[in-house]
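J.: predicted model follows, preceded by the sequence.
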Amino acid sequence: MNPNSRGRCVLVCVVLIILFSIFSFRLIYLQAIKHDEYAGLAAKKNVYQQIIHAERGSILDANNEVLAHNIPVETVVADATHLNDVDAIIELVSRELRLPSEQLGEKLNSGRRYVVIKREVPAATARALREKLRANNLRGIYFEDDATRIYPNGSMLCHVIGFTDFDHHGIQGVEASMEEYLHGQDGYRFIEHNRAGKEIVPYRGQERAPRDGYQVHLTIDLGLQNIVENEIDAAMHQYSPQKATIILMRPQTGEIMAMANRPNFDLNLRSEAKPEQMKNRAVIDMMEPGSTFKIVAAAAALNERKVRPDSSIFCENGLWNFGGTALHDHRTFSYLSVREILVKSSNIGAAKLALTVGDQKFYEYIRRFGFGERTGIELPGEINGLLRPPRSWSKISITRIPMGHEIGVTPLQMTVAMATIANGGNLIMPRIVKSITTPDGKTISSLSPTVLRQVISPETAREIGDALRGVVSDSGTAAAAAVPGFVIAGKTGTAQKVDPHGGYEHGKYVVSFAGYLPADHPEFVGLVVLDDAHTSKPELNYGGLVAGPIFSRVAERAARYLDLEPHEEIRKAIPVQRVEKSTPAERVRRTAPAERIALTNASRN
């Protein structure tokens, strides 16, 4: 072979080897060294992580009546990298979804790839838009399955249930406190689109199925709640108070059977609600309880064996100077037994009962009844109330606190205190959640009654209960709280409203009644509180005359709903109409308030 030809052949071979080596090294560089980087770029361009939303769990009452559930909707989103005709898309989408075209244009031209156009789009609207996009060959708009929260009963139980935000996270009420159970766990899948924006199903990547949220069953009975809601509405119409609260609780278990506040709001129209309408005043409002608090002073003195129920206390004929300050009774009383101090609601008598046990011991009993600390109910925002230690008391505090002054309590705390008397002396934790189950009914958690401590002996509780029966009698301060056919035990309260700037507001009162039925074996404890009720005459604005009759109407309807047996002796004298059993849904439809009771005899407090 010619040497020149051989040289040219070698040169060509060397050049080819160098070229192939360069291509080989480049291929190795792309496939091995830069593989992850370029695969990531490709995935970022064509692969999309689709969130598979878990369905939020439902909230149900004690009889499995639905209080909160979901209905399917769709979320319309855009992938800016797939939009093929932005102007045409803006025109079509804004028209179909009734959105301002300028606002939609700003979203699509914001520079972000993933854009949420509109949430909670009805399925029919989404389907029509999808078909029109396909017909016009417009790409880049996608639809994600979602759900919206619906509250079938509107404003009923609004403060207990609460609501969710756009991301389906609980904001208030049980929706917030039970968030970890209701929310569930979202899933996801990785999907790849072709150049036309359609999913390449065979290339579908990793996928994790969602776990739907659990169902939360409340202790609330919707039938009883309906009774309470009707009566609190009637009270608002009759007395026009600034605020009102009614609570029903089972004293043996702590189960909250009904809870209502006014003002209130519609859960389905929560964006229109004002802040004052959204407060659960049963757990976040603080009030001076007034004379309902006298049960604590009497219980302390009796439990410490400083007095007996029939012990006689001199009540100073209605005026007592103690610590340089006068303490008045609403009537002139000379000697009253401990029982009569509660029946007549003597301020001076209650003060002297507290004095028999002393500052420190009385303070300890107040704490033992649960005041000054949260009850532990499964509702957000609960406050401690206000209870100062004895070292911060003035010389006269020991005579003012027993009558419900210089102390701040929540309506729920006062309900729990009365339940302690009703159940034999045990402080029990109130419950609003009964159980937690999976969507198919498997129980995840069942909450049992929790006794926090023995506050007073069963004997002391019985002695206080016997006295509280006299309160709801012709000789007591709450004759109008009586329920035909039943023996009631309870206590009235009338406290002058505290002025935020100091002192008290003239002519404004917080009136209340706390009681239980039947007195010998209580099925429920009830509390009625009205803040600044307006009566035709100032002398009618007292707990026994305003809150007492409301309690009577609630208790009578509740007793019939629960089909309670009337007291044997009373039943012989006063026949009580029985109602037939009915389903919870039928019970809810009974919306007529009870007949009004005319008051002829008025007694203070």
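T.: Looks like it came in fine. Residues are numbered from 1 along each chain as shown.
J.: for the residue positioned nearest the centre of the chain, pull up the helix or strand it's in.
T.: By CA atoms, centre = their mean, the chain has its centre lying nearest to V160, at 2.5 Å. Using DSSP states H and E, V160 falls within helix 158-161.
J.: how far off centre is that helix?
T.: Averaging C-alpha positions (CA atoms, centre = their mean, to the nearest Å) puts helix 158-161 4 Å from its chain's average.
J.: average pLDDT for it?
T.: Helix 158-161 comes out with an average pLDDT of 97.
J.: which other helices and strands contact the helix or strand following that helix?
T.: Sequence-wise, the next helix or strand downstream of helix 158-161 (DSSP H and E) is helix 173-177. Applying 3 or more CB pairs under 8 Å, 6 or more residues apart in numbering; DSSP states H and E, we find helix 173-177 packed against helix 158-161. The way it works is simple: take the backbone N, C-alpha and C, and place the C-beta from them, glycine included.
J.: what residues sit buried inside the helix it packs on?
T.: C158, H159, V160, I161 (16 or more other CB atoms under 10 Å).
J.: list the contacts for V76?
T.: Contacts for V76 (CB atoms under 8 Å, 6 or more residues apart in numbering) come out as V93, L97, V116, I117, K118, V121, A126, L129, I141, Y142, F143.
J.: excluding its backbone neighbours, what's nearest the fourth one?
T.: With CB to CB, 6 or more residues apart in numbering as the criterion, I117 has its nearest non-adjacent residue at 4.4 Å, and that residue is V76.
J.: roughly how far out does stretch 280-287 sit from the chain middle?
T.: Computed by CA atoms, centre = their mean, the chain-centroid distance of stretch 280-287 equals 11 Å.
J.: endpoints of that stretch, how far apart?
T.: For stretch 280-287, the first and last residues are 14 Å from each other (CA to CA, to the nearest Å).
J.: same question, stretch 379-389
T.: Using CA to CA, the span of stretch 379-389 from its first residue to its last is 27 Å.
J.: got the phi/psi numbers for the nearest residue to E255 once chain neighbours are set aside?
T.: Among residues not flanking E255 along the chain, T219 sits closest, at 3.8 Å (CB to CB, 6+ apart). Main-chain torsions, T219, degrees, to the nearest 10: phi -80, psi -10.
J.: counting neighbours, what do you get for the spatially closest residue to A482 that is not a sequence neighbour?
T.: The shortest distance from A482 to any non-neighbouring residue, by CB to CB, 6+ apart, is to V472 (5.3 Å). Using other CB atoms under 10 Å, V472 has 30 neighbouring residues.
J.: now swap in L19 and tell me
T.: Around L19 there are 10 residues (other CB under 10 Å).
J.: from the contact counts, what lies against the helix or strand containing it?
T.: Using DSSP H and E, L19 maps to helix 3-28. In this structure, helix 3-28 makes packing contacts with no helix or strand, judged by 3+ CB pairs under 8 Å, 6+ apart.
J.: all the strands of the stretch 401-550 of the chain, residue numbers only.
T.: 426-428, 433-437, 443-446, 451-454, 489-498, 504-517, 524-531 (DSSP state E, counting those that start in this stretch).
J.: state the mean pLDDT of the last one.
T.: Pointing back at strand 524-531 there. The average pLDDT for strand 524-531 rounds to 98.
J.: may I have the beta-bridge partners of N426?
T.: Q454 (DSSP bridges).
J.: my guess is it contacts A417. True?
T.: No - using CB atoms under 8 Å, N426 is not in contact with A417, being 11.7 Å away.
J.: the more surrounded of those two?
T.: Shown here are N426 and A417; by other CB under 10 Å, A417 has more neighbours (27 against 20).
J.: am I right that the more buried one is in contact with F371?
T.: Yes - at 7.2 Å, A417 counts as touching F371 under the criterion of CB under 8 Å.
J.: who touches both of those two?
T.: Residues touching both A417 and F371 (CB under 8 Å, 6+ apart) are V296.
J.: how long is stretch 422-436 end to end?
T.: 28 Å.
J.: mean confidence score for that stretch?
T.: Rounded mean pLDDT across stretch 422-436 is 97.
J.: one more: stretch 4-19?
T.: Here the average pLDDT along stretch 4-19 is 77.
J.: check stretch 57-69 too.
T.: Across stretch 57-69, pLDDT averages out at 96.
J.: equivalent analysis for stretch 364-372, please.
T.: Across stretch 364-372, pLDDT averages out at 98.
J.: what's the span of it from first residue to last?
T.: Start to finish, the residues bounding stretch 364-372 are 11 Å apart (CA to CA).
J.: same thing with stretch 529-545?
T.: With CA to CA applied, stretch 529-545 spans 12 Å between its terminal residues.
J.: how about residues contacting that stretch?
T.: The contact list for stretch 529-545, computed with CB under 8 Å, 6+ apart, reads 235, 239-246, 287, 290-292, 411, 476-481, 492-494, 497, 507-513, 546-547, 550, 599, 602-605.
J.: hmm, back to that, what helix or strand is the residue nearest to I117 located in?
T.: Going by DSSP H and E, V76 is in strand 66-79.
J.: can you get me the centre-to-centre distance for that strand and its chain?
T.: Once both centres are worked out by CA atoms, centre = their mean, strand 66-79 turns out to sit 23 Å from its chain's centre.
J.: send over it as CSV, restricted to the C-alpha atoms.
T.: The C-alpha coordinates for strand 66-79 follow below in CSV (Å, rounded to 0.1, in the frame of the first residue of the first chain):
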residue,chain,number,x,y,z
VAL,A,66,-75.7,14.6,60.2
LEU,A,67,-74.5,18.0,61.4
ALA,A,68,-71.7,18.6,58.8
HIS,A,69,-70.8,16.8,55.6
ASN,A,70,-69.4,17.3,52.2
ILE,A,71,-70.7,17.6,48.6
PRO,A,72,-68.5,17.1,45.6
VAL,A,73,-67.3,20.1,43.7
GLU,A,74,-64.3,20.8,41.4
THR,A,75,-61.4,23.3,41.6
VAL,A,76,-60.5,24.9,38.2
VAL,A,77,-56.7,25.3,37.8
ALA,A,78,-54.3,26.3,35.0
ASP,A,79,-50.9,25.1,34.0
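J.: understood, closing this out.
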